[in-house]
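**Student:** With the sequence up front, the predicted model follows.
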Amino acid sequence: MSESNKNELDKLFQTRLSNDTPADNGWNVPPIDLFDNAMDALEPKEKDRKPLWLPFLFGSLMIGGMIYMFVYNHKMFDKLDTKIENLQSQTIEKNTQKVNEGNSPTFNNINAEQQNLNEEAILTNDKGQQLFNHTLSKNTKNSQQNVVTPKLSSKVASPVNSNKQRTQVINYTDDLFEQSIFNNNTVTGSFNSLPLLSSNENSAQNNAQAFSSTAQNTIADFSTVLLNKDITPIQSLGSDLLGETLAFPLLHNAADVLDVQISDKQNRFTPYLLMGTHLSSFTMSGENMENASLTKYDQNCLGYQFGIGLMQQLSSKWSLDYGISYRNIINHSIYNDQTNYSKSNEYINDYGSLMYADEMTIVTPTGIYVDNMSMPVSEQEMQDGDVLENTTNTKQVFHTLNASLGINYAPIRVGNFALSLNTGASINRILNAQQDMDMEVSFKGKVMASDTYKIEPNFNGNHMFYTGFIGFRLDYQVTDKIALMLDNRFERSLNSLNTIQSANAPSTILHSLNTGLKIGYWF
Amino acid sequence: MSENEIISRVLKNERAAQALLYKKYQTVWYMISLRYNKNKADAQDALQNALIKIFSKINQFDVEKGNFKAWSCKVVVNENLMLLRKKGNSFKIDDIEEVAFVPNKTESALDMLSAEELTKMIQTLPNGYRTVFNLYVIEGYSHQEIAQLLDISIGASKSQLFKSRKMLQKKFEALLQD
């Protein structure tokens, strides 16, 4: 085609079609009700925004829950710290009072109580037991014993650090004792061997030795800890239960009350990577299809998932699991439909062939789609009312982002293995979706037309769905820092995935079995 | 009432103002929809969707800077393209091929054709040809813009335009012979 021809043709169309005055025969004027229909469609859309509060509420609850748990944990530990400090200062006050009271029988009672605590603690260790027995067998030796303790002098007989211990004993005079409360230097010098600061092999013996004096002279060790600002109570707490008990018998009880493992404070968050599979199927209810059927949608299809997460240890058995993952949910379905042939839809195409055009409806688990299909019918002598069979194979792939919050309970631990039960909920956003549709129209078994479509589903704003899950997890501690976790969950959507927002629309529920391998790392 | 005043009232969701604006541009918008679709029913569906878009997104239109007619026509064109895509129409086509030269015999016949007949002629074109022809010849898009808009190659856009012109030329010849 020559350039001039092109230009003539283009100019003709441009000039003639630019005239937008309504024609007399009304060919270029839209029907009167079109505007009203559009406006009616516009109004419900605004009303449809109402359900948006649901995802907003759900999201807010999840975020709020996470923030609460985070803040609550910090507060809990702060509370514990405060409680520890209070207990320490109370004990110091009490003991200061008792020291001042001197020979009062009450002080002796307190000493006896402290001694009982020592007994409990030391009895947990054989060496401690020996030392304790040895300590008990000794009698009081000097006149100061009423002020300090009748067993104080027995420390001299201790086989470990006896020289140091002797020094301690020597230091425990009335004058020095009082001085120790107010003079940090003196006491610190004497109590460097206290068990709460030591972690050597002889700690049990040290514990036993030192704690005997500690228990009898509680004032001394607590004042040391408080006055020596370099060592905070939390730092001084070790993972050794005996050490903890010996060091802070009362504080250990406080920790028990709050159901918190103090040692968890520094590593209670564990990040993990997730990868796994996603076996899913749909169930539908409320579908109303005449002469049509939708099948196969309830068969399981395998997808995959990967993501990241964070586990928050609440106690030795309870933990929270926050996760974000990508999932692809796959579904296959087959739709069979029957329509009646109508001669009014016949037309002759540019090449003189007799064609038939009709709107074909395709139902999928998540929505209904309409396709205009045309096919040659010149070879068949079609009559009004002849039955056309339409079969459409649909493969839908939903790319979703999943944010979940779960709680785990681990009742069983054997060696490096742990088994836990979990439950929770998640919020899912369909990022995008693809539909591959293979459509076939046949008449009396003969294929008259076939076509393949790739259509993006029209979600009508229904991109969100919520799921609840329940499952179990098997953990294997590979090293001190790395753990493998096999997480198995049954998950079910709590709202319909059907994109048609109508009271009569069928409800489509997602069921899935998720198996994920998580690799956790403890910092 | 000026157009800007009408638009500012439309922004306040006044139904009467919406009706006024629609009345003013209904023919332009409908003609666009007719050109992009094979039949009136599809054109009306597309226009209805376009109206919803225009009135729900009119707050994005800058009264001071923009030309409402151009903006709204673009919305109508985009809506038509979107519907064509949703219906599974692919704009992809084979690369350009050689077509024999067609002599110019149709000038006199062309002069007799009305806008309605020309529109019907465009409607008979296959989807891909029709869309590219409309975008290039009527809307004035470049091949590069069309390629981006329809997710096809520039060559495919040129090819479809070439074939659409050739097909229209044949139709003119047929008319001339009649």
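**Tutor:** Structure received.

**Student:** So, low pLDDT: which residues of the stretch 1-150 of chain A?
**Tutor:** Counting by pLDDT under 70, the stretch 1-150 of chain A has low-confidence residues at A:1-6, A:44-55, A:70, A:73-74, A:102-150.

**Student:** Regarding the residue of it found nearest chain B, what are the backbone dihedral angles?
**Tutor:** In the stretch 1-150 of chain A, the residue found nearest to chain B is residue A:38; the distance is 3.8 Å by Cβ to the nearest Cβ. C-beta: built from backbone N, CA, C; applies to glycine. Taking degrees, to the nearest 10, you get phi -60, psi -40 for the backbone angles of residue A:38.

**Student:** Quick check: nearest residue in space to it, chain neighbours excluded?
**Tutor:** Counting by Cβ to Cβ, 6 or more residues apart in numbering or on different chains, residue A:38 lies nearest to residue B:51, which is 3.8 Å off, once chain neighbours are set aside.

**Student:** check contacts around the one you found.
**Tutor:** Contact analysis of residue B:51 by Cβ atoms under 8 Å, 6 or more residues apart in numbering or on different chains lists A:34-35, A:38-39, A:42, B:22, B:29.

**Student:** Run a quick check on residue A:427 versus residue A:493, I expect a contact.
**Tutor:** No. Using Cβ atoms under 8 Å, residue A:427 is not in contact with residue A:493, being 10.9 Å away.

**Student:** Spit out the residues that contact those two alike.
**Tutor:** residue A:466.

**Student:** Okay, now the unreliable bits of the chain?
**Tutor:** Just so you know, I chose chain A. A:1-6, A:44-55, A:70, A:73-74, A:102-267, A:287-290, A:349-352, A:372, A:458-461, A:500-505.

**Student:** was after chain B, sorry
**Tutor:** Using pLDDT under 70, chain B drops low at B:88-111, B:178.

**Student:** and with 50 instead?
**Tutor:** B:92-106 (pLDDT under 50).

**Student:** residue boundaries of the helices in it?
**Tutor:** According to DSSP state H, chain B carries its helices in the segments B:3-11, B:15-36, B:40-57, B:68-86, B:107-112, B:115-123, B:127-133, B:143-150, B:154-177.

**Student:** Go through these and name the closest to residue A:390.
**Tutor:** Smallest distance to residue A:390 across these (Cβ to Cβ): 18.6 Å, for helix B:68-86.

**Student:** Dump that closest one to CSV, restricted to CA.
**Tutor:** Presented in CSV, the C-alpha positions along helix B:68-86 are these (Å, rounded to 0.1, in the frame of the first residue of the first chain):
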residue,chain,number,x,y,z
PHE,B,68,-11.3,16.4,30.5
LYS,B,69,-12.3,15.1,27.1
ALA,B,70,-8.8,13.8,26.5
TRP,B,71,-8.6,12.3,30.0
SER,B,72,-12.0,10.6,29.8
CYS,B,73,-11.4,9.3,26.3
LYS,B,74,-8.2,7.7,27.5
VAL,B,75,-10.1,6.0,30.4
VAL,B,76,-12.7,4.7,27.9
VAL,B,77,-10.0,3.4,25.6
ASN,B,78,-8.2,1.7,28.5
GLU,B,79,-11.4,0.2,29.8
ASN,B,80,-12.1,-1.3,26.3
LEU,B,81,-8.6,-2.7,26.1
MET,B,82,-9.0,-4.2,29.6
LEU,B,83,-12.3,-5.9,28.7
LEU,B,84,-10.8,-7.3,25.5
ARG,B,85,-8.0,-8.8,27.5
LYS,B,86,-10.4,-10.2,30.1
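
**Student:** show me what contacts the most centrally placed residue in chain B?
**Tutor:** By Cα atoms, centre = their mean, chain B has its centre lying nearest to residue B:32, at 4.2 Å. Residue B:32 makes contact with B:73, B:76-77, B:80, B:134, according to Cβ under 8 Å, 6+ apart.

**Student:** out of these, who's near chain A?
**Tutor:** Here nothing survives when the contacts of residue B:32 are matched to chain A using Cβ under 8 Å from any Cβ of the partner chain.

**Student:** circling back to that earlier point, pretty sure the residue of the stretch 1-150 of chain A closest to chain B sits against residue B:52.
**Tutor:** Yes. If you go by Cβ under 8 Å, residue A:38 and residue B:52 touch, sitting 5.4 Å apart.

**Student:** Get me the contact residues on the stretch 401-523 of chain A for chain B.
**Tutor:** Applying Cβ under 8 Å from any Cβ, we find that the stretch 401-523 of chain A lies next to chain B at A:437, A:451, A:453-456, A:458.

**Student:** which of these count as buried?
**Tutor:** Neighbour-count burial (16 or more other Cβ atoms under 10 Å in any protein chain shown) applied to these gives A:437, A:451, A:453, A:455, A:458.

**Student:** does the third one count as helix, strand or coil?
**Tutor:** What it means is residue A:453. At residue A:453 the chain is in strand, as set by DSSP: H, G, I helix; E, B strand; the rest coil.

**Student:** That one and residue A:330, how far apart?
**Tutor:** The spacing between residue A:453 and residue A:330, counted by Cβ to Cβ, to the nearest Å, is 17 Å.

**Student:** again, but for the fourth one
**Tutor:** Computed as Cβ to Cβ, the residue A:455 to residue A:330 distance reads 16 Å.

**Student:** now do the second one
**Tutor:** When distances are taken as Cβ to Cβ, residue A:451 and residue A:330 turn out to be 22 Å apart.

**Student:** swap in the first one?
**Tutor:** Residue A:437 sits 15 Å away from residue A:330, taking Cβ to Cβ as the criterion.

**Student:** tell me the helices in chain A, going along the chain?
**Tutor:** Under the criterion DSSP H, chain A contains helices at A:3-18, A:33-47, A:53-101, A:105-123, A:126-137, A:162-171, A:174-182, A:184-190, A:203-216, A:218-227, A:233-236, A:241-247, A:249-257.
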